[in-house]
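# Would you be able to build a 3D model of this:
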Amino acid sequence: MKKECKLLLEYLKDNLPEREKSAFEYHLKNCDKCKQEVEQFKEIENALNSMPKLNVPETFSFEVIASIKERKRKVLGWFYYSAVSLSVLLLSFFFVGAIGVKRVFANARAFAHTVEVFFSSVTTAVATISSSLYNTFYIGRFTSVILVLLFAVLSYGFFKSVKVFSKAGK
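Modelled structure (predicted):
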């Protein structure tokens, strides 16, 4: 490659001093490769200049950056979720091997039964409290607010009693 050919990029950027620019234009008359590059650049420049201008909001770049950050956050979140899930899975295999499969399944069944009984009790309590409140009070203007507050108080009492009774069995 000739010394003058190395100036092609600076010529296309219009960064050459006038004297070097004239020398490069003389070089273009004799170098087909540089002449072809300049013609291609001008074709591309004309094609880009002939494209319609887009009117984008002033906040467009901020929205694009925010969108990229959100995607990155989601990908990282998925990665962290996967890493935690894999860690739990590996620890589970370790504990199952250390404790024994039958014991793990027995504990899992006992836990599932406890959860089932608990939610059954909660459902029964909610249905009982709700129907009692509904049948006791006249539905009026402020009654719904009073009913919600009363329901919250009774529910709190129910959960406190469940907590006390569950500790008493231990």
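
# Kindly report the domain assignment for the protein.
As assigned by automatic domain parsing, the chain contains the domains 4-50, 100-170.

# quick one: which of these is nearest E63?
For E63, the closest of the domains of the chain is domain 4-50, at 23.9 Å, according to CB to CB. To be clear about C-beta, it is placed using only N, CA and C from the backbone, and glycine gets the same treatment.

# Now the terminal residues of that closest one, how far apart.
Counting by CA to CA, to the nearest Å, you get 31 Å between the two ends of domain 4-50.

# That domain: how far from the chain's middle?
Distance of domain 4-50 from its chain centroid, counting by CA atoms, centre = their mean, to the nearest Å, is 47 Å.

# Would you mind finding the longest helix in the protein?
Ranked by residue count and defined by DSSP state H, the top helix of the chain is helix 60-99.

# name the helices or strands packed onto that one?
Packed against helix 60-99 by the contact rule (3 or more CB pairs under 8 Å, 6 or more residues apart in numbering; DSSP states H and E) you find no helix or strand.

# Show the average pLDDT along that helix.
The average pLDDT within helix 60-99 is 75.

# ok, back up a step: lowest-confidence stretch among the domains of the chain?
Note on these: lowest mean pLDDT is at domain 100-170, with a mean of 69.

# re earlier: for S82, which of the domains of the chain is the nearest?
domain 100-170 (23.6 Å).

# need the helices for this structure, in chain order.
Using DSSP H, helices in the chain cover 8-13, 18-30, 32-50, 60-99, 101-136, 143-168.

# Out of the ones you listed, which one sits most buried?
Stretch with highest mean neighbour count among these: helix 8-13 (a mean of 14; mean count of other CB atoms under 10 Å).

# ok, Y11 touching S22?
No - the criterion here is CB atoms under 8 Å, and Y11 misses it with S22 at 10.8 Å.

# Kind regards, and thank you for your time.
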